[in-house]
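Enquirer: Okay, here's the prediction I keep looking at, along with the sequence it came from:
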There are 2 protein chains.
Amino acid sequence: MIIKIDFESEIPIYEQLKRQIIQGIAKGDLAKGEELPSVRQLAEDIGINLHTVNKSYNLLKDEGYLVVDRRKGTRVSDTMPEPNEKYIDNLKEEIGYISADAYCKGIRKEEFLSICEKYFDNFIANGEDESNGR
Amino acid sequence: MIIKIDFESEIPIYEQLKRQIIQGIAKGDLAKGEELPSVRQLAEDIGINLHTVNKSYNLLKDEGYLVVDRRKGTRVSDTMPEPNEKYIDNLKEEIGYISADAYCKGIRKEEFLSICEKYFDNFIANGEDESNGR
DNA sequence: TACATGTTATATAATGTATATAACATGTAG
DNA sequence: CTACATGTTATATACATTATATAACATGTA
C-alpha cells in the first residue's frame, strides 16, 4: 500500500498516516490480519522519524484497528473496533459542523448526501450484502 | 447566542468558537447582517483572551462569513461564501475519511446517511423550499 | 473630547509536533 | 548461543501552534 504524506498540510503527519491506514483498511488495500511494515521500515520509506510512525500505530492500536504480535509484528486486527459512545458523539459533532458549513455555502441537501453516499459506497465491496452482519 | 467552550477539548478554542458561529448562522440563531459582540465583550463573556476571539473572527472574515464595518462593528455577512474548489476538495477528503472510519466500525450505510441527513435537515428552516436558489 | 471599535505589535508561557540517539526485552533465524 | 529485527521506552532538542498579557494605534460615534 502506498502512503502519501503532504508535508505542507496543516494536518499532522501522524494523523495523515493514521487516516490513510484506516482508509486502506476500509478499501481493502489492507486485509484483516495483514502484516504492516515495521515502524523503522515505514519511517524510512516515507522519509520521516520512527517515532512519528510509532505514534500513528499506537493510536490505531488503542482504537482497535491494529494488534501487535511479538512473533508476527504489527498486523491489522481480525475484528474491527466497535462504535462506542464517544465515537458516535464525535461523529455527530463532526457531521453537525460539516453540514452546517456546507449548508451555509449553498450546497444542496441532495449534493451533500450524494457526496456522503458516494464515498461510503467506495468501501462496500462488490457483491457485499449490506443487509447481513459484518 | 450562547457560546459553549470545552476547555478540556483537543480542538483549539478559536476553532470551537469559529465552528459554533458557523452553526449559529446555519441554524438561524445568527441572522444575516446581525451584529456580533465586540472581540473584547465576547472574550470577557467566555472568559478567554481578546486575541483568541479576534483570530476566530478573522478566519470567518477571510472565509466570507463575517464583514467588518468601521461604523457598525462586526456583522454576519449578507451573502454567504461561495463553495470554492479548495473547500470542495477539503469536504470530500473529510467525508472520505469519516465514512471510511464509520464503515470499518460497522456503521451501516443507512445509519450513516441517516445521520448526515438528520443534521443537514436541522438547518433547513420550516417551509424553506430547497428546490429554489438561495 | 471621551469612548469603543477593530487592528497591530511585542512578549511570554504552555503545549503539540517532529526529530535524534540510545537502550531495553522479546522473539526469530543462523 | 549469536546476531538480528521487532516494538517499546527514555531523554533531549528544535520548532510551530495555541493562548495569554500589555500596550498602542487609527477610525468612527456620541
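Expert: Happy to help now that I have it.
Enquirer: Flag every buried residue along stretch A:25-32.
Expert: A:25, A:26, A:30 (16 or more other C-beta atoms under 10 Å in any protein chain shown). To be clear about C-beta, it is placed using only N, CA and C from the backbone, and glycine gets the same treatment.
Enquirer: any idea of the mean pLDDT for it?
Expert: Averaged over stretch A:25-32, pLDDT sits at 96.
Enquirer: Any residue of it touching DNA strand D?
Expert: No - using C-beta under 7 Å from any atom of the strand, stretch A:25-32 stays clear of DNA strand D, coming no nearer than 14.1 Å.
Enquirer: Contacts for that stretch next, please.
Expert: A:1, A:21, A:24, A:36, A:65, A:76-80, A:122-123, A:125, B:99-101, B:103-104 (C-beta atoms under 8 Å, 6 or more residues apart in numbering or on different chains).
Enquirer: what pLDDT does the spatially most central residue of chain A get?
Expert: With distances taken as C-alpha atoms, centre = their mean, the residue of chain A nearest its centroid is residue A:22 (2.2 Å). Residue A:22 carries a pLDDT value of 98.
Enquirer: Isn't it up against residue B:98?
Expert: No - the pair residue A:22 / residue B:98 is not scored as a contact, 9.9 Å apart, by C-beta atoms under 8 Å.
Enquirer: tell me which residues in stretch A:62-72 are buried?
Expert: Buried residues in stretch A:62-72 (16+ other C-beta under 10 Å): A:63, A:65, A:66.
Enquirer: again, but for stretch A:6-14
Expert: A:13, A:14.
Enquirer: now do the same end-to-end measure for that stretch.
Expert: 11 Å (C-alpha to C-alpha, to the nearest Å).
Enquirer: Give me the contact status of it with DNA strand C.
Expert: Yes - Stretch A:6-14 is in contact with DNA strand C by C-beta under 7 Å from any atom of the strand, via A:12, A:13, A:14.
Enquirer: Quick check: next helix or strand after the helix ranked longest in chain A?
Expert: Longest helix in chain A, counting residues (DSSP state H): helix A:85-104. Downstream of helix A:85-104, the next assigned helix or strand under DSSP states H and E is helix A:109-121.
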